[in-house]
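**Q** Have a look; sequence and predicted model below, questions after that.
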Protein chains: 2
Amino acid sequence: MYADTIMKKTYSEENYLKAIYHIDQNGLKVSPKAIAAALDNNPASVIDMIKKLQEKLLISYDKVKGAKLTASGQASALDIIRKHRLWEVFLVEKLGYDWDEVHDIAEQLEHIQDDRLAAKLDAFLGNPSFDPHGDPIPAENGKMPVYANIRLSDLEVGNKGKVGSVRDTSTPFLKYLKQLQLGLGSSIEVLDKLEFDQSMIISINSGPAQTVSSKMTSNILLIPG
Amino acid sequence: MYADTIMKKTYSEENYLKAIYHIDQNGLKVSPKAIAAALDNNPASVIDMIKKLQEKLLISYDKVKGAKLTASGQASALDIIRKHRLWEVFLVEKLGYDWDEVHDIAEQLEHIQDDRLAAKLDAFLGNPSFDPHGDPIPAENGKMPVYANIRLSDLEVGNKGKVGSVRDTSTPFLKYLKQLQLGLGSSIEVLDKLEFDQSMIISINSGPAQTVSSKMTSNILLIPG
DNA sequence: TTTATTAATTAGGTTAATCTAATTATATAT
DNA sequence: ATATATAATTAGATTAACCTAATTAATAAA
């Protein structure tokens, strides 16, 4: 059997790959303890599975650096996350569940095995880019959609978002952002919006209220939620 | 814990209940051997599970009479079959699969656990009575809709019927039907019946005469007229 | 740097669901 | 009725995924 053959993964292996991906995305070290916490099981069990996933070339592992997904491990993890999020869209949009009720069902549905299922579901749902929680749905090739796609100027009063990108990259603008202590990843809450000139009163990273112009708000792209 | 408490069943237990139901429906004795054949496993494994299902009061078992579902065992079996058939409708009607491609996927989907899922899926699909193979979908209370129940093999020469369902939903059989251009709703006329092997000469949708075996005709159920 | 704490790992078990091989029971055929 | 074939059952292993308890390694504190 070839090393790059896509081997069928067990339900449990898939859950480990997903957990490893998420822990890594959070910028944490992927330790046996962290994985055990994520999967609500025992570090000793995790060690067993780490060995198995290493043999299958899905992860590498080093006591000090923790676990890292290989290219094929990452592809698998993204495939599962893709399916999870597509099913969440289905459950909310088509079956009428609330967004806070679908996680456990999607945890089961994500493991359904069929070569064409994700693509067909994706098409049926109209190729959504985000799940009901605002999390991006990886494409078939594993690419994540560009997430920042809501202008701050379009955000309603009382809503929040995280800065994903800026449309104006001129020096004066970026200097202004620096002065506001606003960078990629900053959380913004809209406290108020003034009708007469569309300027906003916002809080950056839960800091003090600040007034910003419509020119500013139309150049900030946010990750919703 | 009360005896009539609905206990969560494992994936495997659900498959046994379903197999027992189907074997019984076919009028056969539900023996360890028959169950093993249906599940493609070993009679010794079946004996173990028979004991377990007996303890859980889902079946009764007698060496001579075979296994019988108890009321709660039958309710469970019908619930799984209901989910299986609802998912088949979803896969064909909504995702665009062909009817001969959905069995294996529905085998997985039928085990998804959520109290409200079947009802929501049922409503979303418009409360269908039959799955894409023409098999009746049990209602929430376990009641089966009345359906086509005359076998093609029992039809007299010169009579006609419309295909209402097929009793064998295996991929090879469905592929054969596809090749014959025979689907649900197809009209069939019996042109002749050969005494020596019970094979028939039929016309599908007023098409050319074709010879089909008794094995084929005993697996086609017709709505008379 | 030695101690205390926490994390990683090993060793040995458990459970569910399977298996093979051997045995016992039932059914069939002469 | 006895031999033969087939089915049911028992006994004992195996595998995947988990566990607890003991040990070793690494990190943090005194």
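**A** Received it, and whenever you're ready, just let me know what you need. Here the structure is a predicted model, which means the values were calculated and not measured.
**Q** Can you list the buried residues in stretch A:217-225?
**A** For stretch A:217-225, burial by neighbour count (16 or more other C-beta atoms under 10 Å in any protein chain shown) applies to A:Thr217, A:Asn219, A:Ile220, A:Leu221, A:Leu222, A:Ile223, A:Pro224. (Each C-beta comes from the backbone N, C-alpha and C, glycine too.)
**Q** I meant stretch A:186-206, not that one.
**A** Neighbour counts over stretch A:186-206 (16+ other C-beta under 10 Å) mark A:Ser186, A:Ser187, A:Ile188, A:Glu189, A:Val190, A:Lys193, A:Ser199, A:Met200, A:Ile202, A:Ile204 as buried.
**Q** Make TSV out of the residues you listed and add distance to B:Thr211, pLDDT and secondary structure.
**A** Formatted as TSV, the buried residues of stretch A:186-206 follow (distance: C-beta to C-beta, whole Å; pLDDT from 0 to 100; DSSP: H, G, I helix; E, B strand; the rest coil):
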residue	distance to B:Thr211	pLDDT	secondary structure
A:Ser186	75	86	coil
A:Ser187	73	90	strand
A:Ile188	74	94	strand
A:Glu189	75	93	strand
A:Val190	75	95	strand
A:Lys193	77	93	strand
A:Ser199	82	94	coil
A:Met200	78	96	strand
A:Ile202	78	96	strand
A:Ile204	79	94	strand
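**Q** Kindly reformat the residues you listed as CSV containing distance to chain B.
**A** Converted to CSV, the buried residues of stretch A:186-206 look like this (distance: C-beta to the nearest C-beta, whole Å):
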residue, distance to chain B
A:Ser186, 38
A:Ser187, 33
A:Ile188, 36
A:Glu189, 34
A:Val190, 34
A:Lys193, 38
A:Ser199, 45
A:Met200, 40
A:Ile202, 39
A:Ile204, 40
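**Q** Kindly reformat those residues as a markdown table and extend each row with distance to A:Pro43.
**A** As requested, those are exported to a markdown table (distance: C-beta to C-beta, whole Å):
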| residue | distance to A:Pro43 |
| --- | --- |
| A:Ser186 | 35 |
| A:Ser187 | 33 |
| A:Ile188 | 39 |
| A:Glu189 | 39 |
| A:Val190 | 43 |
| A:Lys193 | 50 |
| A:Ser199 | 53 |
| A:Met200 | 48 |
| A:Ile202 | 43 |
| A:Ile204 | 39 |
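**Q** tell me the two of the residues you listed that are most distant?
**A** Pairwise distances across the buried residues of stretch A:186-206 peak at 19.8 Å for A:Ser187 and A:Ser199 (criterion: C-beta to C-beta).
**Q** before we move on, the earlier item: which ones among the buried residues of stretch A:217-225 lie within helices?
**A** Judged by DSSP state H, the subset of those located in helices is A:Thr217.
**Q** Considering the buried residues of stretch A:217-225, which member attains the minimum pLDDT?
**A** Least confident of the buried residues of stretch A:217-225 in the model: A:Pro224, at 72.
**Q** Relative to chain B, how far out is it?
**A** Shown here: A:Pro224 relative to chain B, a distance of 26 Å by C-beta to the nearest C-beta, to the nearest Å.
**Q** doesn't A:Asp154 make contact with that residue?
**A** No. Contact criterion C-beta atoms under 8 Å: A:Pro224 and A:Asp154 do not qualify, at 10.1 Å.
**Q** what sits against the residue nearest to the spatial centre of chain A?
**A** Centroid-nearest residue in chain A: A:Asp135, 4.6 Å away (criterion: C-alpha atoms, centre = their mean). With contacts defined as C-beta atoms under 8 Å, 6 or more residues apart in numbering or on different chains, A:Asp135 is in contact with A:Arg85.
**Q** ok, now how distant is it from A:Leu109?
**A** 16 Å (C-beta to C-beta, to the nearest Å).
**Q** now A:Ala67
**A** 26 Å.
**Q** Ok, A:Asp24 next?
**A** To A:Leu109, A:Asp24 is 24 Å away according to C-beta to C-beta.
**Q** These two: which has the busier surroundings?
**A** A:Leu109 (23 against 18; other C-beta atoms under 10 Å in any protein chain shown).
**Q** can you tell me the helix or strand for the nearest residue to that one once chain neighbours are set aside?
**A** Closest residue to A:Leu109 apart from its sequence neighbours, by C-beta to C-beta, 6 or more residues apart in numbering or on different chains: A:Trp87 at 4.0 Å. Under the criterion of DSSP states H and E, A:Trp87 resides in helix A:71-89.
**Q** Now do the buried residues in that helix.
**A** Buried, per 16+ other C-beta under 10 Å, within helix A:71-89: A:72-89.
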